[in-house]
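Peer 1: What would the 3D arrangement of this be:
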Amino acid sequence: MATKIIMDTDPGIDDAAAITIALNHPDLDLQLLTTVAGNVTVDKTTLNALKLTRFFNSNVPVAGGAPQPLLKPFEDAVRIHGVSGMPGYDFPTDLADPLPQTAVEALRDYILAADKPITLVPTGAYTNIALLFKTYPEVLPHIKEIIAMGGALGKGNMTSAAEFNVFTDPHAAEIMYQSGVPITMVGLDVTMKALLTPETMAKLTTVGRTGEMLHALFAHYHDGGQAGIPMHDVNTLFYLLHPEAFTTEKMWIDVQTDGPANGETVGDIRGAYHDGQTNATVCVDIDAAAFNDWFLTTVAAIG
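Peer 2: From the prediction side, this is the model:
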């Protein structure tokens, strides 16, 4: 039985790879795509999501979401993902329209209509998730778990402390981590280890049109280095399908919402400050070779 998921995302090049897998993997049943301002503005992330559903002739609906963080000024990642968010490939232009309702309304509707609790996979800033939880708290019992890309116990990528998704909207991250919903944090501690190697990237052009599309996008992705490029968002789906490839630890995560450490995810690694309670399962290590093998095999199966 395929796992029913909703992705809340901000494509973005690594997001595009994650959406590609979510739309096509036989063990995933993608119910809805919602978009948020993050890597680029929300009009562009929505357009990019629609480009991907059109590329795969998918009828998965897309709903546009929050255009800015809850309180913090918006900072994009154009320097990493380019002005459009998905440069390098000519996608079809005859796109479907997004849903008429907002992302938050669509999330509410799809979660409450599901026949059993659903898994949320946010891979951008958590603004839509926070707005959903505050506006429609009745959805909380209907969410099985959240597999969230973001955060870091170690080094950040926006400051020495903060990772991009949490840094973009730390107040939303704080609301999500205080929600009581089971959360797995898939952060930089693993995504910067599971680099897509140059050897894997070179093989993408040999495995069909999907591989060619992703290879073209990756050529314009200004993240990583000679050792490879991080597929941050794809790691959420790899965890969902292959948790055995990860080492995890349960702990309490607090989010810093002001000052120089704004956006830092602070793990209570000693269990010293929350009476032994935890609010997250944190991924701390990953089998990088298994990730590369899985990614290439999965893309090749799409064709």
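Peer 1: Which helix or strand in the protein has the lowest average pLDDT?
Peer 2: Scoring the helices and strands of the chain by mean pLDDT, DSSP states H and E places helix 78-81 at the bottom, with a mean of 93.
Peer 1: now that one, how far from the centre of its chain.
Peer 2: 16 Å (Cα atoms, centre = their mean, to the nearest Å).
Peer 1: repeat for stretch 196-208
Peer 2: 22 Å.
Peer 1: avg pLDDT for it?
Peer 2: Stretch 196-208 comes out with an average pLDDT of 95.
Peer 1: can you tell me how far the nearest residue to residue 201 once chain neighbours are set aside sits from residue 242?
Peer 2: Nearest residue to residue 201, sequence neighbours excluded (Cβ to Cβ, 6 or more residues apart in numbering): residue 218, at 5.9 Å. Quick note: C-beta positions are derived from backbone N, CA and C, even for glycine. Distance of residue 218 to residue 242, given as Cβ to Cβ, to the nearest Å: 22 Å.
Peer 1: Compare these two (neighbour count), which wins?
Peer 2: residue 218 (20 against 14; other Cβ atoms under 10 Å).
Peer 1: Tell me the predicted confidence for that one.
Peer 2: 96.
Peer 1: for it, what are its contacts?
Peer 2: 13, 88, 196, 201, 204, 229 (Cβ atoms under 8 Å, 6 or more residues apart in numbering).
Peer 1: Quick check: buried residues in the least confident helix or strand of the chain?
Peer 2: 80, 81 (16 or more other Cβ atoms under 10 Å).
Peer 1: How far away from the center of its chain is whichever helix or strand comes after it?
Peer 2: Scanning forward in sequence from helix 78-81 by DSSP states H and E, the next helix or strand is helix 103-113. With Cα atoms, centre = their mean as the basis, helix 103-113 stands 18 Å off its chain's centre.
Peer 1: elements contacting helix 103-113?
Peer 2: strand 3-9, strand 28-35, strand 62-64, helix 127-135 (3 or more Cβ pairs under 8 Å, 6 or more residues apart in numbering; DSSP states H and E).
Peer 1: Okay, angle between the longest one and strand 3-9 too, please.
Peer 2: Here helix 127-135 runs at 110 degrees with respect to strand 3-9, directions being taken by axes from the mean of the first three to the mean of the last three Cα atoms, to 10 degrees.
Peer 1: so what does helix 127-135 touch, helix or strand wise?
Peer 2: By 3+ Cβ pairs under 8 Å, 6+ apart, helix 127-135 packs against helix 103-113, strand 118-122, helix 170-177.
Peer 1: Dump those into TSV; add mean pLDDT and distance to residue 30 as well.
Peer 2: Converted to TSV, those look like this (pLDDT from 0 to 100; distance: least, Cβ to Cβ, whole Å):
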stretch	mean pLDDT	distance to residue 30
helix 103-113	98	11
strand 118-122	98	9
helix 170-177	98	20
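Peer 1: Would you format the ones you listed as TSV with mean neighbour count included?
Peer 2: Below are the helices and strands packed on helix 127-135 laid out as TSV (neighbours: other Cβ atoms under 10 Å):
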stretch	mean neighbour count
helix 103-113	20
strand 118-122	25
helix 170-177	25
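Peer 1: In TSV: these, plus distance to residue 223.
Peer 2: Converted to TSV, these look like this (distance: least, Cβ to Cβ, whole Å):
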stretch	distance to residue 223
helix 103-113	25
strand 118-122	19
helix 170-177	21
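Peer 1: closest one to residue 234 among those?
Peer 2: In terms of Cβ to Cβ, the element of the helices and strands packed on helix 127-135 nearest to residue 234 is strand 118-122, at 10.8 Å.
Peer 1: So in that sheet, which strands flank that closest one, and in what orientation?
Peer 2: strand 3-9 (parallel), strand 143-149 (parallel) (DSSP bridges).
Peer 1: Mean pLDDT added to those, as CSV?
Peer 2: Formatted as CSV, these follow (pLDDT from 0 to 100):
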stretch, mean pLDDT
strand 3-9, 98
strand 143-149, 98
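Peer 1: sorry, back to before: how about the least confident helix or strand of the chain as CSV, C-alpha atoms only?
Peer 2: The C-alpha atoms that make up helix 78-81 are tabulated as CSV, following Å, rounded to 0.1, in the frame of the first residue of the first chain:
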residue,chain,number,x,y,z
VAL,A,78,18.2,33.0,-6.1
ARG,A,79,22.0,32.8,-5.8
ILE,A,80,21.6,29.0,-5.5
HIS,A,81,18.6,28.2,-7.7
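Peer 1: residues of stretch 24-44 that come out buried?
Peer 2: Neighbour count says stretch 24-44 has 24-25, 28, 30-42, 44 buried, by 16+ other Cβ under 10 Å.
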